[in-house]
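1. sequence first, predicted coordinates after that:
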Amino acid sequence: MPDLRRAYGGPVEALIGFAAASGPEAILTVVGPSTDAAETAWLAAQMPGADLTTASRFAVPGLVGRLASAADVVHVHGLLNAVSSLGAGAALARDRPVVIGPFGTMSRYTFTHRRALAKRLYFRALDAPHLRRAAAVHFTTPAERDEAAWHGLDLGDRAHVVPPPFRGRPVERGSGPPRDTAGRDAGSGPTVLFLGRLHPKKGLELLLEAWPAVRRVHPAARLVIAGSGTARYVAGLEAAAAATGASVTFAGFVAGDAKRAMLADADLFVLPSHHENFGIAVLEAVAAGVPVVVSQGVQLAPWIASRSVGHVAAREPDALASAITATLGDAGLGARVSACGATMVADDFGPARVGPALLAMYRDARARAGGG
């Protein structure tokens, strides 16, 4: 893994889920860059039975190479970063079956935003050769797999779709203040929640632009933005929020019981990303009984539509505002997600559902590499 901190967001949550879905027969070693003692202890506690091994970013690829010699499969997470690229190269050099999970970095969005030329050159020199030699390439949604085809790498049946398993505990929505039939705190306006990494790709500027239109329909509504990002970027978001003159709260990074409490108090979860190869926070919200609004760039959008747990909006302010106001005004939707959301997420993304597909991918990778 290129980063093991909780603030890295979805990839770390996915890692923990995959560790759980691998089952008791799997012997797991997780390798990544060193972080502080509290973060390391937290991650180790989430993956009981796994051997968590960390080193400096510069030393991780060499560590992967040494450990790869005894591994049946090496699963490399991410592209376009030295930890993942050099780690994949070290494992391939020892003729081990390598599975590469791009984390959405093979999308056109990735290669057309921020340092586009540098990314193309890096990918061509390092990651593309590794992908050609990989025993399997791990995508989290069919949309992510299909979107990667523009690179022309001919992945064929080496491409596997295995979603991150959902591992969360149920959120008790009755534990907060009294709520009305639409699920809102009695006597107050609705709460709209964004929960995730604060980064330009998440579309928060679009959300802030749409928010005044939401407030015109729901004057007492408040927007809570929870997550962390660079100081400069967060300051810019705070300035944009202040300029709207609307009710916006920046809650900072939240985890554990604080995150659960925030989901318990939310009436709607919104994720207006430019591009999102999965969106674990979406599953957390639905499992907590919270309807969702996402942009078309979130690749869980087809599941949201098929399960009728929210709305998918075009990436423009009026469309996003309309989706948010429609969802807040739909008491039936709120009641249905509150009653059935946790079951739907468990049925479609629980470890028992994902585990067999994950192990099948690993077995296929071993077979292709001659490991049986």
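-> That came in fine, so what should we check first?

2. doesn't residue 205 make contact with residue 320?
-> No - using C-beta atoms under 8 Å, residue 320 makes no contact with residue 205, being 11.2 Å away. In short, each C-beta sits where N, CA and C put it, glycine included.

3. what segments of the stretch 151-300 of the chain are strands?
-> For the stretch 151-300 of the chain, the strands defined by DSSP state E, counting those that start in this stretch occupy 159-161, 191-195, 222-226, 248-252, 268-271, 292-295.

4. could you look up the SS state of residue 76?
-> State at residue 76, reduced to three classes by DSSP: H, G, I helix; E, B strand; the rest coil: strand.

5. got any ranges where the chain has weak pLDDT?
-> Low-confidence segments of the chain, defined by pLDDT under 70: 169-170, 172-187, 371-372.

6. what do you get if the cut-off is 80, keeping everything else the same?
-> Filtered on pLDDT under 80, the chain yields the residue ranges 167-188, 245-246, 370-372.

7. ok, residue 211 - contacts?
-> By C-beta atoms under 8 Å, 6 or more residues apart in numbering, the residues touching residue 211 are 223, 241, 244, 246, 248, 321.

8. let's see 6 Å
-> Each residue near residue 211 by C-beta atoms under 6 Å, 6 or more residues apart in numbering is listed here: 223, 244, 246.

9. about what we covered before: between residue 320 and residue 205, point out the one with more neighbours.
-> When residue 320 and residue 205 are compared for neighbours, residue 320 comes out ahead with 26 against 14, by other C-beta atoms under 10 Å.

10. so what's that one closest to, chain neighbours aside?
-> In this structure, residue 320 finds its nearest non-sequential neighbour in residue 210, 4.3 Å apart by C-beta to C-beta, 6 or more residues apart in numbering.

11. on that earlier part again, export the strands of the stretch 151-300 of the chain to JSON lines and append columns for distance to residue 15.
-> Shown next, in JSON lines, are the strands of the stretch 151-300 of the chain (distance: least, C-beta to C-beta, whole Å):
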{"stretch": "strand 159-161", "distance to residue 15": "17"}
{"stretch": "strand 191-195", "distance to residue 15": "18"}
{"stretch": "strand 222-226", "distance to residue 15": "21"}
{"stretch": "strand 248-252", "distance to residue 15": "23"}
{"stretch": "strand 268-271", "distance to residue 15": "20"}
{"stretch": "strand 292-295", "distance to residue 15": "23"}
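
12. need the winner for burial among these.
-> For the strands of the stretch 151-300 of the chain, the largest average neighbour count (mean count of other C-beta atoms under 10 Å) is found in strand 268-271, namely a mean of 29.

13. mind listing the strands for the stretch 1-150 of the chain?
-> Under DSSP E, counting those that start in this stretch, the stretch 1-150 of the chain gives strands at 29-33, 51-55, 74-77, 98-101, 136-139.

14. so which of those is nearest residue 316?
-> Closest approach to residue 316 among the strands of the stretch 1-150 of the chain (C-beta to C-beta): strand 136-139, 27.7 Å.

15. direction included, what does that closest one pair against?
-> Strand 136-139 pairs in its sheet with strand 98-101 (parallel), strand 159-161 (parallel), by DSSP bridges.

16. please produce a markdown table containing these, extended by distance to residue 257.
-> Converted to a markdown table, the strands paired with strand 136-139 look like this (distance: least, C-beta to C-beta, whole Å):
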| stretch | distance to residue 257 |
| --- | --- |
| strand 98-101 | 30 |
| strand 159-161 | 33 |
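
17. of those strands, which is nearest residue 139?
-> Of all the strands paired with strand 136-139, strand 159-161 comes closest under C-beta to C-beta, at 5.1 Å.

18. show me what that closest one is in contact with.
-> Counting by C-beta under 6 Å, 6+ apart, 136, 137, 138, 139, 142, 145, 361 sit against strand 159-161.

19. how far does that strand sit from its chain's centre?
-> Put simply, strand 159-161 sits 17 Å off its chain's centre (C-alpha atoms, centre = their mean, to the nearest Å).

20. now do stretch 19-31
-> Mean-position distance between stretch 19-31 and its chain equals 20 Å (C-alpha atoms, centre = their mean).

21. what about that stretch, how long is it end to end?
-> Stretch 19-31 stretches 13 Å from its first residue to its last (C-alpha to C-alpha, to the nearest Å).

22. most neighbours per residue, which of the strands of the stretch 1-150 of the chain?
-> strand 98-101 (a mean of 27).

23. with only the CA atoms kept, save that strand in PDB.
-> Extracted as PDB, the C-alpha positions of strand 98-101 are listed here (Å, rounded to 0.1, in the frame of the first residue of the first chain):
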ATOM      1  CA  VAL A  98       1.400 -10.000  -9.000                       C
ATOM      2  CA  VAL A  99      -2.100  -8.500  -8.800                       C
ATOM      3  CA  ILE A 100      -2.300  -4.800  -9.400                       C
ATOM      4  CA  GLY A 101      -5.200  -2.700  -8.300                       C
END
